[in-house]
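Q: My questions concern the predicted model and sequence given below.
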Amino acid sequence: MYQADNSSIKQADNALRATERRPALFWRLLLFGLGLVGIIVLYIELLTGAQKAQLPQLIPIIQILVYPGLTLGLTYIFRRWLDKRPWRGLGLISPLAGLPSFLQGILLVFVSSAFFLGLLGLAGWVHIVAFQPTPSILIALLVNAVVTFFSEPLLEETAMRGYIYRNLNTRWPCWLAILGQTILFTSWPLASYLITGGLLGQEIPPASYYLTYIPQLLLFGFILQLCRITAGNLWMNMGFHLAYLEVLRFISPEAKALIRIEFTPTLPGLEHFLLGDGRAICLLIVSIVVFFAWQALRRRPINWQAIDPDSKQEQ
């Protein structure tokens, strides 16, 4: 990416508008966002229906086939026929080429988790109760990782850190495009909750739940976008996304956790905070600090003012 002055951006915009017919950026993003909300509402309804009908065998099919297929299909249609730009411009390169970036994302989560638990340990606020690498837990971790990858990182990173950010960054500087993507990423599930709860009568979390859920989504969207910009493709943020979810599930106070921990904080209310979304928020904050420290060591700072104008010949 490079920084372009206002005159060059206006010239590029005028040239594009003069040579091709496509909806304005605002309408493309609005329609895309509405499509995503509709898909996630349908996804929730399908999962709920499968559970009520006592058909658990349908749930993995919905998670790894229906939901990703609809989301990726929507993204492809918008990219090719409304944006009229190549799919490769989103950064979804081949798995083999993206493997180093994918592993970097996983490593960032592991290093950040080690720092976070180490700090809690030094304060005497956490203890490792048991390490449980039993066959059943390891199989559960593997299966959960596969299902999670297809139902969350693959589609969410392609849609949000790929399609949404790429389009925003054609007009807005990097920092503003990150902010816009993060807000839209946070609004996506919130709008879905409002629809499923207010219109469809589904049970939704109480208002107090969002006091920690919204900051978690904002931090999550921010660090994932940083990974996307640094790697130049979607695989580092997919690796971070997957590893982050698995760490929260399998390094926890739960009885079937791979590494079972116990929180013993001395401050009032801190244990309740860490047992909820507080642990996720703290891990994300530590991850952001580790990320910027890593960037400083590599001497590859992000160009926060960079704008990447649209082009038909994106590589």
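A: Now that the structure is in, tell me what you want to look at.
Q: rest of the way, CA atoms for contacts and neighbours
A: OK.
Q: Over to the closest residue to residue 90 other than its chain neighbours: give its phi and psi.
A: Nearest residue to residue 90, sequence neighbours excluded (Cα to Cα, 6 or more residues apart in numbering): residue 162, at 4.7 Å. Geometry field for residue 162 lists phi and psi as phi -90, psi -80, criterion degrees, to the nearest 10.
Q: list the contacts for residue 162?
A: 90-92, 234 (Cα atoms under 8 Å, 6 or more residues apart in numbering).
Q: with those in mind, which one is nearest to residue 104?
A: For the contacts of residue 162, the closest approach to residue 104 (Cα to Cα) belongs to residue 234, at 11.7 Å.
Q: you'd agree that closest one is up against residue 94?
A: No: the criterion here is Cα atoms under 8 Å, and residue 234 misses it with residue 94 at 10.1 Å.
Q: Tell me which of those two has more neighbours.
A: residue 234 (27 against 11; other Cα atoms under 10 Å).
Q: and the more buried one, what does it touch?
A: By Cα under 8 Å, 6+ apart, the contact list for residue 234 reads 90-93, 98, 157-158, 161-162, 228.
Q: gap between it and residue 262?
A: 34 Å (Cα to Cα, to the nearest Å).
Q: try residue 205
A: Counting by Cα to Cα, the gap from residue 205 to residue 262 is 25 Å.
Q: who has more neighbours, these two?
A: Shown here are residue 205 and residue 262; by other Cα under 10 Å, residue 262 has more neighbours (16 against 9).
Q: rewinding a little: please identify the member of the contacts of residue 234 with the greatest number of neighbours.
A: Result: residue 161 is most packed of the contacts of residue 234 (other Cα under 10 Å), 30 neighbours.
Q: Let me see the contact set for the closest residue to that residue other than its chain neighbours.
A: Spatial nearest neighbour of residue 161, excluding adjacent residues (Cα to Cα, 6+ apart): residue 225 at 5.8 Å. Residues counted as contacts of residue 225 (Cα under 8 Å, 6+ apart) are 161, 178, 237.
Q: quick one: pLDDT of residue 225?
A: pLDDT, residue 225: 98.
Q: Alpha carbons of stretch 153-173, as CSV, please.
A: The C-alpha atoms that make up stretch 153-173 are tabulated as CSV, following Å, rounded to 0.1, in the frame of the first residue of the first chain:
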residue,chain,number,x,y,z
PRO,A,153,-12.2,-17.6,10.9
LEU,A,154,-12.4,-18.6,7.2
LEU,A,155,-15.6,-16.8,6.5
GLU,A,156,-15.4,-13.9,9.0
GLU,A,157,-11.8,-13.0,8.0
THR,A,158,-12.7,-13.1,4.3
ALA,A,159,-15.8,-11.0,4.7
MET,A,160,-14.5,-8.5,7.3
ARG,A,161,-10.8,-8.2,7.2
GLY,A,162,-10.9,-9.0,3.5
TYR,A,163,-13.9,-7.5,1.7
ILE,A,164,-15.0,-4.8,4.1
TYR,A,165,-11.5,-3.5,4.9
ARG,A,166,-10.3,-3.7,1.3
ASN,A,167,-13.2,-1.5,0.1
LEU,A,168,-12.8,1.0,3.0
ASN,A,169,-9.1,1.4,2.4
THR,A,170,-9.7,2.4,-1.2
ARG,A,171,-11.1,5.7,0.1
TRP,A,172,-10.0,6.0,3.7
PRO,A,173,-6.5,6.1,5.3
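Q: what distance separates that stretch from the middle of the whole chain?
A: Computed by Cα atoms, centre = their mean, to the nearest Å, the chain-centroid distance of stretch 153-173 equals 11 Å.
Q: can you map out the strands along the stretch 151-300 of the chain?
A: 251-252, 259-263 (DSSP state E, counting those that start in this stretch).
Q: Switch those over to JSON lines; also include distance to residue 41.
A: Output for the strands of the stretch 151-300 of the chain, formatted as JSON lines (distance: least, Cα to Cα, whole Å):
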{"stretch": "strand 251-252", "distance to residue 41": "29"}
{"stretch": "strand 259-263", "distance to residue 41": "34"}
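Q: and residue 137, which of the ones you listed is closest to it?
A: Of all those, the one in closest proximity to residue 137, counting by Cα to Cα, is strand 259-263 (10.2 Å).
Q: And the closest one, what does it pack against?
A: Here strand 259-263 touches strand 126-131, strand 251-252, helix 270-275, going by 3 or more Cα pairs under 8 Å, 6 or more residues apart in numbering; DSSP states H and E.
Q: which one of the ones you listed is the most hemmed in?
A: strand 251-252 (a mean of 18; mean count of other Cα atoms under 10 Å).
Q: Report the separation between the two terminal residues of stretch 87-94.
A: Per Cα to Cα, stretch 87-94 runs 12 Å from first to last residue.
Q: now do stretch 205-216
A: 15 Å.
Q: Ok, stretch 262-277 next?
A: First-to-last residue span, stretch 262-277, Cα to Cα: 16 Å.
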